[in-house]
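**Student:** The sequence isn't on hand, but the structure is:
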């Protein structure tokens, strides 16, 4: 799955992309939460190893030198 996001404002040092499959009721399966790190100059990630026909909650979190910034989430299949 390919995801894209709008770059965060300010001196971002990178992004964390978290993704977790959802149950039929839309709840996250936290035991299967995965996370990847993306460089600050990128705004695209490729999520691999996903289950077919499964909905995922994907969250992108901006990271700064001394803090964690805003995040955005959406459900994707």
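**Tutor:** Yep, it's here. For clarity, every value in this text was computed on a predicted model and none was experimentally measured. Numbers count the residues shown, from 1 in each chain.
**Student:** and the most centrally placed residue in the chain, what helix or strand is that in?
**Tutor:** Centroid-nearest residue in the chain: residue 17, 2.8 Å away (criterion: C-alpha atoms, centre = their mean). Per DSSP states H and E: residue 17 is located in strand 12-21.
**Student:** which other helices and strands contact that strand?
**Tutor:** Contacts defined by 3 or more C-beta pairs under 8 Å, 6 or more residues apart in numbering; DSSP states H and E place strand 12-21 against strand 34-39, strand 56-64. C-betas here are computed from N, CA, C, even on glycine.
**Student:** if we can go back for a sec, the residue nearest to the centre of the chain pairs with what?
**Tutor:** According to DSSP bridges, the partner residues bridging residue 17 are residue 36, residue 60.
**Student:** looking at it, it is touching residue 33, isn't it?
**Tutor:** No. Using C-beta atoms under 8 Å, residue 17 is not in contact with residue 33; the gap is 11.3 Å.
**Student:** Which secondary structure elements does the lowest-mean-pLDDT helix or strand in the chain sit against?
**Tutor:** Every helix and strand in the chain was compared by mean pLDDT, DSSP states H and E; the lowest is strand 68-76, with a mean of 94. Contacts defined by 3+ C-beta pairs under 8 Å, 6+ apart place strand 68-76 against strand 56-64.
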